[in-house]
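Following is a predicted model, sequence given first.
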Amino acid sequence: MTTIAFLGLGNMGGPMAANLVKAGHTVHGFDLVAEAVKTAEANGVTTFPSAVEAVAAAEVVITMLPSGPIVKNVYAEVLPVAPTGALFIDSSTISVDDAREIHQQATDNGFAQLDAPVSGGVKGATAGTLAFMVGGEDEAFLAARPTLEPMAGKVIHCGDAGAGQAAKVCNNMVLAVQQIAVGEAFVLAQKLGLSDQALFDVITGATGNCWAVQTNCPVPGPVPTSPANNEFKPGFATALMNKDLGLAMDAIASTGSRAPLGTHAAQLYKAFAEQHADLDFSAIITSLH
Ligand code: NAD
């Protein structure tokens, strides 16, 4: 079994670390917030007063942190002290450019490193069914698999460094556009006198079908488990969708790409997040009436 340093024990990192403990790994954790540390300890994680101490005996170092600048700071702290041969895995959602920069930093210090962002939310983190989108060298990917498995439903090797983050921003840009399109369709259908159930039955059996309607239906009724049935809570917070779209816009700018619909979706979510950051992102339908 492996000794794994886990840095960032928040909503996602906490349950992910707990699943590694359940799988029999030794997990050395660190977080800045006392409550996160306490919960991790209750789940069998051994915690340390600093990131440097948490990585001192690590064979694998996982980061699950809020942003690229924070990941870069933590890497700058721990790369000089990590044991020779340690494998670095960053599962935070950060920009493709930041992911490539930290990969280079790790390589310069003699370490293998992967970007491995996830989808599946806190539910998937708790159930151990996250989808991992992984970027980096083949050898590092093979070495990481046994560590990722207890947290994963699916692990996909997307390509070289940054490819995992690239896949994540592209997927979430599609999702944002689809959730708005589905919201627009339900609002229009209501105004045309069509019932929500009739539209749901037609779309889910036809060419407009997608996750945004089939699972995350933005009106109450057709899918009893969708956040719309519970005042749009809980779910995938608008704040997180807004963050991911910001990263997509960074990637569009840095590659000189054109994405008119993705860009418009990013503008709509930015405005919506100012008022409703904590609601599931399907709540955007309430701004479309
Ligand atoms: P969170 O804010 O709950 O957890 C982040 C944790 O990092 C916090 O506990 C914070 O105290 C800790 N932290 C911050 N700076 C630190 C440092 N220097 N050293 C150690 N710990 C530090 O956020 P989260 O929801 O767990 O998300 C983590 C990452 O996963 C983000 O990049 C997010 O975009 C991504 N993500 C989140 C979800 C989700 O549904 N919550 C889904 C997919 C991806």
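Structure's in. What do you need? Keep in mind that this is a model prediction, so the values were computed, not measured.

Ser282: what's it in contact with?
By C-beta atoms under 8 Å, 6 or more residues apart in numbering, the contact set of Ser282 is Gln179, Val182, Gly183, Ala212, Asn216, Cys217, Pro218, Ser226, Pro227, Ala228, Phe232, Gly235. Quick note: C-beta positions are derived from backbone N, CA and C, even for glycine.

From the ligand, how far out is the residue nearest to it when sequence neighbours are not counted?
Excluding the flanking residues, the one nearest Ser282 by C-beta to C-beta, 6 or more residues apart in numbering is Pro218, at 4.1 Å. Pro218 is 18 Å from the ligand, where distance means C-beta to the nearest ligand atom, to the nearest Å.

check contacts around Pro218.
With C-beta under 8 Å, 6+ apart, Pro218 has these contacts: Gln179, Val182, Gly183, Phe186, Ala212, Ser226, Ala228, Ser282, Ala283, Ile284, Ile285.

tally of neighbours for the fifth one?
Close neighbours of Ala212, defined as other C-beta atoms under 10 Å, add up to 24.

wouldn't it be in contact with Ala176 here?
No - Ala212 lies out of contact with Ala176 (C-beta atoms under 8 Å); the separation is 9.1 Å.

Surely Ile156 and Ala131 touch.
Yes - using C-beta under 8 Å, Ile156 is in contact with Ala131, at 7.2 Å.

Which residues of the stretch 151-289 of the chain lie near the ligand?
Residues of the stretch 151-289 of the chain that fall close to the ligand, judged by C-beta under 6 Å from any ligand atom: Phe236, Leu240, Lys243.

which stretch of helix or strand covers the second one?
Applying DSSP states H and E as the criterion places Leu240 in helix 238-255.

which other helices and strands contact the following helix or strand past that helix?
Going down the chain from helix 238-255, the next helix or strand is helix 260-276, by DSSP H and E. Identification of packing neighbours for helix 260-276 by 3 or more C-beta pairs under 8 Å, 6 or more residues apart in numbering; DSSP states H and E yields helix 163-191, helix 238-255.

Export only the CA atoms of helix 260-276, formatted as CSV.
In CSV, the C-alpha atoms belonging to helix 260-276 read as follows (Å, rounded to 0.1, in the frame of the first residue of the first chain):
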residue,chain,number,x,y,z
PRO,A,260,-19.3,32.5,-29.8
LEU,A,261,-21.8,30.3,-27.9
GLY,A,262,-19.3,29.4,-25.1
THR,A,263,-18.3,33.0,-24.8
HIS,A,264,-22.0,34.1,-24.5
ALA,A,265,-22.7,31.3,-22.0
ALA,A,266,-19.7,32.6,-19.9
GLN,A,267,-21.1,36.1,-19.9
LEU,A,268,-24.6,34.9,-18.8
TYR,A,269,-23.2,32.7,-16.0
LYS,A,270,-20.9,35.5,-14.8
ALA,A,271,-23.9,37.8,-14.4
PHE,A,272,-26.0,35.1,-12.9
ALA,A,273,-23.3,34.2,-10.4
GLU,A,274,-23.3,37.7,-8.9
GLN,A,275,-26.8,37.0,-7.4
HIS,A,276,-27.0,33.2,-7.2
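
May I see the buried residues of that helix?
Neighbour-count burial for helix 260-276, with 16 or more other C-beta atoms under 10 Å as criterion, is recorded at Gly262, Thr263, Ala265, Ala266, Leu268, Tyr269, Phe272, Ala273, His276.
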